[in-house]
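In: build me a structure from this.
(one chain, ligands or ions: 2)
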Amino acid sequence: MLNPAAPLPLKDPSLFRQACLVGGRWIEAESGRTMPVRNPATGEVIGSVPAFGRAETRAAIEAASAAYPAWRAMLAKERSAILRRLYELMLANADDLALIMTSEQGKPLAEAKGEVAYAASFVEWFAEEGKRAYGDMIPQNQKGRRILVMKEPVGVFAAITPWNFPAAMITRKVAPGLAVGCTGVVRPASQTPFTALAIGVLAERAGLPPGVMNIITGPSAETGAELTENPMVRKLSFTGSTEVGKVLLEQCARTVKRVSMELGGNAPFIVFDDADLDAAVAGAMASKFRNTGQTCVCANRILVQDGIFEAFATKLAEAAAAMKVGPGVEPGVTQGPLINADAVAKVEEHIGDALARGARVVTGGKRHPRGGNFFEPTVLADVPREAKIFSEETFGPVAPLFRFRTEEEAIRLANDTPFGLAAYFYTRDVGRMFRVAEALEYGIVGVNEGIISTEVAPFGGFKESGLGREGSKYGLDEYLEVKYVAVGGIGT
Ligand SMILES: NC(=O)C1=CN([C@@H]2O[C@H](COP(=O)(O)OP(=O)(O)OC[C@H]3O[C@@H](n4cnc5c(N)ncnc54)[C@H](OP(=O)(O)O)[C@@H]3O)[C@@H](O)[C@H]2O)C=CC1
Ligand SMILES: O=C(O)CCCC(=O)O
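Out: Ligands and ions are numbered 1, 2, ... in the order given. Predicted structure coming up:
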């Protein structure tokens, strides 16, 4: 069923697809099996998508493989023109894409629209950057020989993406791949497939040839096994939990695939005594409560120096309490629901554990009166380091404040984790800016900045937060092989 009876009030209802895109055709599972998709704000089913198994996943990989030679042979400029049209179509359809996203993911409409623009920015960026996959010429080391370095597309890629950014995590992976001549199979999260499928509709309209981008849905174990074991897939790009990332790494090892992994975080947000207090509160709010705390770069541990602790806690709590919680389609809402009941339970568990160990609630602390997956924006103070929330990613609207005394102690606490994605700190001391930025074992550091995401900068983590970088000129390398060609017999 490609167009069910108006499930959402879209300007263009044909963007809502309940089928997979394989080789330019919209198809269902051979078995006819489907999976329901629910609105996390209401629990209502908004539609269903095919439950592909291994055989259908293999067919999608074969479609990508068949489309590869012709797509690769196109000029970068020709591929760029198609991607540019996709970028423009995403912006032109931003209202519909945002409504689809809010309905399946829960984030407020304004935030969803912001994500559509963010997602489109990767398409625009890589449409341009794909023209610059420069090789190299290395000065010869022997007479009569030339040393060339060529950059070539890696081949067919697979992208497995999470539910928290249903559009941006697709385009951040797909755009660089397509720009350099790869073809791919995208497998969005089961909770949020409709945004991805709508992007597929727009990609067709932009002129993307059949098979260049295939979008499949289905149980993760079956689709994931085929995508990671099939030797035709030469690269996997994954965003999600570290736990699943490790499983996929193991599976990819069997065919030695290239991998990019954007995994979990445990971001420290450090506020030094000399910080601009209002700026630090604004930064902490933006970082902590973006997407109701469900991002891998959300502040997870807020470390506040002794001298500013009470003032910061009071101001942060005031700002958190002022947020409006509710369904993302309701005007004025700034905090949507959590993705599901498990996420609510995890938030509750982290708060309960912290309180049992001596923390205190400054604001929030419990399920929201609206019920369902809604939770009160919460600030906890004097959280001890033994609390679970110090070592585990909460992925929810809880700001736990930890007290510290010295710069050395803050750095030690910040680095005391196997994760290393994003870290933030606020200070007005220029020397400290450099000392602390250099000491933090993190791939992304925000100095007096709470929002660091942009298509022009490299996104990725140290340690167990992942491998590789997305976005920016570095994101292109993830889809390129380096080939060294030695040309002899030249004479001089
Ligand atoms: N780094 C990040 O951006 C993210 C981090 N997380 C962290 O992970 C926690 C759990 O979230 P969760 O959604 O369960 O994250 P997962 O890592 O389980 O899911 C991310 C993606 O991986 C897929 N997946 C899960 N298991 C497999 C598998 N065995 N083979 C192939 N694909 C698989 C999921 O599919 P399906 O949807 O069908 O389960 C989804 O598309 C969060 O609380 C958060 O801490 C979560 C999401 C994003
Ligand atoms: O949370 C994530 O899955 C990473 C995306 C966040 C961003 O790009 O800012």
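In: next, the contact list for residue 292, please.
Out: Contact analysis of residue 292 by CB atoms under 8 Å, 6 or more residues apart in numbering lists 106-107, 335-338, 375, 396-397. Quick note: C-beta positions are derived from backbone N, CA and C, even for glycine.
In: from those, pick the one nearest ligand 2.
Out: For those, the residue nearest ligand 2 by CB to the nearest ligand atom is residue 107; the value is 11.8 Å.
In: next, count neighbours for the closest residue to ligand 2 within the stretch 351-492 of the chain.
Out: Distances between the stretch 351-492 of the chain and ligand 2 by CB to the nearest ligand atom are smallest at residue 453, namely 3.2 Å. Residue 453 has 18 neighbours, counted by other CB atoms under 10 Å.
In: buried subset of the contacts of residue 292 as a ChimeraX selection?
Out: To isolate the buried ones among the contacts of residue 292 in ChimeraX, judged by 16 or more other CB atoms under 10 Å, type:
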select :106,107,335,336,337,338,375,396,397
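In: and ligand 1, which of the contacts of residue 292 contact it?
Out: Residues of the contacts of residue 292 in contact with ligand 1 (CB under 6 Å from any ligand atom): none.
In: could you pull out the strands for the stretch 51-200 of the chain?
Out: Here the stretch 51-200 of the chain has its strands, by DSSP state E, counting those that start in this stretch, at 136-138, 146-153, 156-160, 183-187.
In: name the residues of the second one that are buried.
Out: Judged by neighbour count (16+ other CB under 10 Å), strand 146-153 contains these buried residues: 151-153.
In: out of these, who's nearest ligand 2?
Out: The nearest member of the buried residues of strand 146-153 to ligand 2, counting by CB to the nearest ligand atom, is residue 153 at 24.1 Å.
In: bridged to the closest one, which residues?
Out: residue 480 (DSSP bridges).
In: hmm, it is touching residue 181, no?
Out: Yes - counting by CB atoms under 8 Å, residue 181 is a contact partner of residue 153 at 3.9 Å.
In: what is in contact with the two at once?
Out: By CB under 8 Å, 6+ apart, the residues touching both residue 153 and residue 181 are residue 72.
In: quick one, phi psi at the residue in the chain positioned nearest to ligand 1?
Out: Minimum separation of the chain from ligand 1 (CB to the nearest ligand atom) falls at residue 224, amounting to 2.3 Å. Per-residue torsions, residue 224: phi -60, psi -40 (degrees, to the nearest 10).
In: so who does it touch?
Out: By CB under 8 Å, 6+ apart, residue 224 lies in contact with 160, 187, 248, 251.
In: distance check, the first one against residue 169.
Out: Between residue 160 and residue 169 the computed distance is 9 Å (CB to CB, to the nearest Å).
In: picking up where we left off before, make TSV from the contacts of residue 292 and add secondary structure, pLDDT and distance to residue 283 to it.
Out: Compiled in TSV, the contacts of residue 292 are given as follows (DSSP: H, G, I helix; E, B strand; the rest coil; pLDDT from 0 to 100; distance: CB to CB, whole Å):
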residue	secondary structure	pLDDT	distance to residue 283
106	coil	98	24
107	coil	98	20
335	strand	98	17
336	coil	98	21
337	coil	98	24
338	coil	98	23
375	strand	98	22
396	coil	98	19
397	coil	98	16
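In: separation between the most centrally placed residue in the chain and residue 188?
Out: For the chain, the residue nearest the mean C-alpha position is residue 169 (4.3 Å; CA atoms, centre = their mean). Remark: distance between residue 169 and residue 188 (CB to CB) = 8 Å.
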